[in-house]
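Trainee: Give me a 3D structure for the following:
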Amino acid sequence: MGLLQKLEEAVTDFATLEVATFTKAEPTNIPVSMSFSNDQGNVSSDTVFTAVRAALANEELVGYARFEIDGDTVAFVNNNPAYSDVLEYHKSVIQDSQNARKAIYDTIVGLGS
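Mentor: Just a heads-up that it's a prediction; the model follows:
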């Protein structure tokens, strides 16, 4: 994989922020032996998240948020009162993710100064 392809993937990845929070009464195991490689044998955050999403397909979605770089946002909140603590956790994960994304952006911008 060349530098240009890695940069293109980084820009694509940076363009969206996705947070999904699931819950279930019993623990869900994501086996270490699970294959996280794509068809070309490469492991990336996308292939890991795809595998984890598949393993969580039967879990209950508590909260979901997807932010696009152009400002488009999709959000879902489960209004079941039993999930209020998990929903607060979901909100904190979104905030932490946004802060991390901003720190990366600030670092990149700072490199050009």
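Trainee: buried ones in the longest helix seen in the chain?
Mentor: The helix that spans the most residues within the chain, counting by DSSP state H, is helix 84-111. Buried residues in helix 84-111, counted by 16 or more other C-beta atoms under 10 Å: Val86, Leu87, His90, Ile94. Where C-beta positions appear, they are placed from N, C-alpha and C, glycine not excepted.
Trainee: do the same with stretch 66-85
Mentor: For stretch 66-85, burial by neighbour count (16+ other C-beta under 10 Å) applies to Phe67, Asn78, Tyr83.
Trainee: Just confirm the first one is within a helix.
Mentor: Going back to what we said before, that points to Phe67. No. Using DSSP: H, G, I helix; E, B strand; the rest coil, the assignment for Phe67 is strand, not a helix.
Trainee: Tell me the spacing between it and Lys6.
Mentor: 23 Å (C-beta to C-beta, to the nearest Å).
Trainee: cool, Asn79 as well?
Mentor: Using C-beta to C-beta, we find Asn79 at a distance of 41 Å from Lys6.
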